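K.L.:
predicted model follows, preceded by the sequence.
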Amino acid sequence: MKRQHLTSSKSAGFVASILVLLLSLLLSGATAPPEPAITPGSAAQARVYYKDVISRQLSFDATPGATTLDNLLDFLGYPTSGLKLQTLDPEVLMNPARASSADGLGIPEKGLNGATLREEDILAARFFAPKIVNVSTKDPIPGWRKLVRLRVRPESRAARVGIESAVILFNFFVPVDQPPFEGPSINTQVMLLAPKLTSRLYWLDFDPKGTLSLALNASFDAADLQGGGTRDYFVPDGCNACHGSPGNLRPPMMNYLDTDHWFDRLENDFATLKTPVVFDAHTNDTTQAGFAPAFDVIRRFNEEALLQNASVQPDSFETQAAATWLKLHADSDAHFPPIARSFSGSAGQSWQASETDGLNLLNRYCFRCHGSVRFSIFDRQAVVERAGIMRQRIKPSQQQAKSPGFKMPPDRPLSDSEIQALDDFLKKLK
């Protein structure tokens, strides 16, 4: 009995010691790294994805650090270089004869089995991209993107496995007083669209040298990171989280290009930006003759995005948002303010004119995530249903604030007055 008592005492003492140690670690702030608002995934999961999904299922050798963007273009039926695709003017890329020439992509106009490079086989647009900017810094450096959509060429290796098109996004960060698109793409993201395959949409990522990488490095969670920095968001988890598939539970979708939001941001965080937001329009005056052709490229891309979204998740807010943009811009290239872009995913009412100021705050501080993650701030009923938790996230208690990833918005700290304005607006919603 005495021996059993001593053993029990030692066990109890050991457990107590562990509890004291854990408590001391918590009190000292030695906690795990913050959980991000956007699911980051991991390097291990990304490697498995490239090996089991891209390499085996799609028959494209996706080896991080070895596979190049050039390899992917050849797989799609475009035997050319990623650098040419990145640097050539959209007018050249979208003209079959010029794109095929030695001064263009240098590919045969007639491809495999005599297939001709056709009008709209290539769509290309360059634009201001506030979504990729680190807004936690004092003077955010504007982000820019060049989007190239390639229709897979007939009889290419990609076509044989069911891939129909690819969307390539080149990313650039350039100070306001310098011209964009003259340096290298900091990161190049690729979507492979295969409507007849299970996942519908597949991901690849390439580094500044055009070599396959595991992740996009971005500032979505900058407010939770030391010094307002960035973190890696790995394929496929980090991509799916922003494209309608948090947790990889359903096929992801394309995000439409929201030109209206780009213009909105000139009124706050990027008031000093003078470069036209639709870069190839060479003007921000939507009534100028040169604006319409560049804007029409974006309209055509958004039509394709809506078709993809509607085929995957027809009742989703992403589908409704794309449809709303296209309805507004069916016969207009104008900039529509946030209040005009309201939609309702249920029987609830849309945003009212009296709520304009509050919606403008949501658009500036929350749309980066909640235009494509879990709900849209333009769906009034979705915001009403979440107003309570949104208030907690924006203005957390001391205990809540200790929970990593709880405080919103995740990408920047807000002033007391900004927090109060958002809280007051959400408090009144019914």
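P.N.:
All right, it came through fine.

K.L.:
got the residue ranges for the strands in the stretch 101-250 of the chain?
P.N.:
Assigned by DSSP state E, counting those that start in this stretch, the strands in the stretch 101-250 of the chain fall at 122-128, 143-151, 165-173, 187-193, 201-206, 212-213, 215-218, 231-234.

K.L.:
let's have those in JSON lines, adding mean pLDDT, mean neighbour count and distance to Ile54.
P.N.:
All C-beta atoms are positioned from the backbone trio N, CA, C, and that covers glycine. Rendered in JSON lines, the data for these read as follows (pLDDT from 0 to 100; neighbours: other CB atoms under 10 Å; distance: least, CB to CB, whole Å):
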{"stretch": "strand 122-128", "mean pLDDT": "98", "mean neighbour count": "22", "distance to Ile54": "23"}
{"stretch": "strand 143-151", "mean pLDDT": "98", "mean neighbour count": "22", "distance to Ile54": "17"}
{"stretch": "strand 165-173", "mean pLDDT": "98", "mean neighbour count": "21", "distance to Ile54": "13"}
{"stretch": "strand 187-193", "mean pLDDT": "98", "mean neighbour count": "22", "distance to Ile54": "8"}
{"stretch": "strand 201-206", "mean pLDDT": "98", "mean neighbour count": "24", "distance to Ile54": "6"}
{"stretch": "strand 212-213", "mean pLDDT": "98", "mean neighbour count": "23", "distance to Ile54": "9"}
{"stretch": "strand 215-218", "mean pLDDT": "94", "mean neighbour count": "21", "distance to Ile54": "15"}
{"stretch": "strand 231-234", "mean pLDDT": "94", "mean neighbour count": "21", "distance to Ile54": "13"}
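
K.L.:
tell me which of these lies nearest to Gln45.
P.N.:
strand 231-234 (6.3 Å; CB to CB).

K.L.:
so which elements touch that closest one?
P.N.:
For strand 231-234, the contact count by 3 or more CB pairs under 8 Å, 6 or more residues apart in numbering; DSSP states H and E identifies helix 43-48, strand 215-218, helix 237-241 as packing neighbours.

K.L.:
now the helices: where do they sit in the stretch 1-150 of the chain?
P.N.:
2-27, 43-48, 69-75, 82-87, 90-93, 96-100 (DSSP state H, counting those that start in this stretch).

K.L.:
tell me what the fourth one is packed against?
P.N.:
Applying 3+ CB pairs under 8 Å, 6+ apart, one finds that helix 82-87 contacts helix 69-75.

K.L.:
got the contact list for the helix it packs on?
P.N.:
60-61, 79-82, 85, 150, 156-158, 166, 168, 188, 190, 204, 206, 210-211 (CB atoms under 8 Å, 6 or more residues apart in numbering).

K.L.:
can I get the CA coordinates of it in CSV?
P.N.:
What follows is helix 69-75, C-alpha atoms only, in CSV (Å, rounded to 0.1, in the frame of the first residue of the first chain):
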residue,chain,number,x,y,z
LEU,A,69,6.4,27.9,-67.1
ASP,A,70,7.8,27.2,-70.5
ASN,A,71,7.2,23.4,-69.9
LEU,A,72,3.5,24.2,-69.1
LEU,A,73,3.0,26.3,-72.2
ASP,A,74,4.3,23.5,-74.3
PHE,A,75,1.9,21.2,-72.6
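
K.L.:
flag the shaky bits of the protein, pLDDT-wise.
P.N.:
1-37, 111-115, 227-228 (pLDDT under 70).

K.L.:
residue closest to the middle of it?
P.N.:
Cys242 (5.5 Å; CA atoms, centre = their mean).

K.L.:
for Thr39, see how far away it is.
P.N.:
9 Å (CB to CB, to the nearest Å).

K.L.:
can you count the residues close to the closest residue to Phe220 other than its chain neighbours?
P.N.:
In this structure, Phe220 finds its nearest non-sequential neighbour in Ile38, 4.6 Å apart by CB to CB, 6 or more residues apart in numbering. Burial of Ile38 is recorded as 22 neighbouring residues (other CB atoms under 10 Å).

K.L.:
wait, Ile38 sits on Asn240?
P.N.:
No. Between Ile38 and Asn240 there is no contact under CB atoms under 8 Å: 10.1 Å.
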